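S.K.: Task: produce atomic coordinates for the following.
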Amino acid sequence: MEKKMDLKKISIIALLSALAFLMVAVIRIPVVAFLKYEPKDVIIVIGGFIYGPMVSIIISVFSSLLEMLTISETGIIGAVMNIVSSCAFAVTAAFIYSRKKSINKALLSLIIGTFVMVIIMLLWNYFLTPIYMGYPREAVAAMLLPQFLPFNLIKGILNTAITMLIYKPLVTALRKAGLIQLSENNTSGTITKANKTGIIILSVFLLITSVLAILVMQKVI
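M.R.: Below is the predicted model:
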């Protein structure tokens, strides 16, 4: 029985890894300069919510390596940057959520994950972007606050909003299909209708705000 469950878990992790890569291959939204939003971190953090933070690391590494070997133009350094960014957001959120599973804790964990990612990526962009993009370090330093910071903030907000909208329906479908156990998605506390509605409204608001921010940075509006 335990071996059967392990096979199910491996299958789900492989499926999520493939889906994370697909998100990069299919959806790439320009935000500012050469920076593009890809929703793969949504899949990575959902994997962590289901199975724990270590799975977020596994999915991040697998999907980033697959991207490096297929569609990436930034090689190993780009893969490292992708892994660091995804793990900063998803592993932080998954770890906090695993302490006490509830819809409010999920939202809090995603917000904290966003701020951790923003701070870490400012440092990593300063050190590594000049290498893999061929930019002078002074030019990258000048881009940190006006471009990299808002980009990663928008990225985190989008990831948070999309995750809050699709996490529950996705794991419910997986549970009904017998692919995950109830305990792997068990949350403490009762999710009231008002609470659920509030989360949906907040998520939609964050999505709209992020889209408007992208349009402003692209000078569309």
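S.K.: Please make it C-alpha for all contacts and neighbour counts, starting now.
M.R.: Noted.
S.K.: and the nearest residue to Gly75 once chain neighbours are set aside, what does it touch?
M.R.: Distances taken as CA to CA, 6 or more residues apart in numbering put Met68 closest to Gly75, at 5.7 Å, once the chain neighbours are dropped. By CA atoms under 8 Å, 6 or more residues apart in numbering, the residues touching Met68 are 74-76, 78-79.
S.K.: For this protein, just list every one of the helices.
M.R.: Secondary structure of the chain (DSSP state H): helices at 2-26, 40-51, 53-70, 75-99, 103-133, 137-143, 149-176, 193-217.
S.K.: Go through these and pick out the most buried.
M.R.: Of all the helices of the chain, helix 40-51 has the most neighbours on average by mean count of other CA atoms under 10 Å, namely a mean of 26.
S.K.: about what we covered before: mind putting the contacts of Met68 in TSV, distance to Gly48 included?
M.R.: Putting the contacts of Met68 into TSV (distance: CA to CA, whole Å) gives the following:
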residue	distance to Gly48
Thr74	26
Gly75	26
Ile76	24
Gly78	22
Ala79	20
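S.K.: Distance to Lys176 and pLDDT added to those, as TSV?
M.R.: Shown next, in TSV, are the contacts of Met68 (distance: CA to CA, whole Å; pLDDT from 0 to 100):
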residue	distance to Lys176	pLDDT
Thr74	40	78
Gly75	40	84
Ile76	39	90
Gly78	38	89
Ala79	35	92
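S.K.: quick one: which of the residues you listed is nearest to Ala213?
M.R.: Relative to Ala213, the closest of the contacts of Met68 is Gly78; by CA to CA it sits at 25.1 Å.
S.K.: any idea how far that closest one is from Pro30?
M.R.: Distance, Gly78 to Pro30, using CA to CA, to the nearest Å: 17 Å.
S.K.: And for Asn159?
M.R.: Distance from Asn159 to Pro30, counting by CA to CA: 15 Å.
S.K.: Repeat that for Val61.
M.R.: The value you get for Val61 to Pro30, if CA to CA is used, is 23 Å.
S.K.: so what's Asn159 up against?
M.R.: 39, 41-42.
S.K.: Same check on Val140?
M.R.: 125-126, 129-130.
S.K.: Return the distance of Arg99 relative to Gly113.
M.R.: Distance, Arg99 to Gly113, by CA to CA: 14 Å.
S.K.: Next: Leu145.
M.R.: Counting by CA to CA, the separation of Leu145 from Gly113 is 19 Å.
S.K.: And the contacts of Asn159, which is closest to Ala213?
M.R.: When those are compared for distance to Ala213 (CA to CA), Pro39 wins out at 16.4 Å.
S.K.: And that closest one, how far from Gly156?
M.R.: Counting by CA to CA - Pro39 and Gly156 are separated by 10 Å.
S.K.: tell me the mean pLDDT for stretch 122-131?
M.R.: Stretch 122-131 comes out with an average pLDDT of 91.
S.K.: now do stretch 168-186
M.R.: Averaging pLDDT along stretch 168-186 gives 72.
S.K.: Next, name the residue at the spatial heart of this protein.
M.R.: Geometric centre of the chain, nearest residue: Asp41, 2.1 Å, by CA atoms, centre = their mean.
S.K.: measure it to Leu66 for me?
M.R.: 15 Å.
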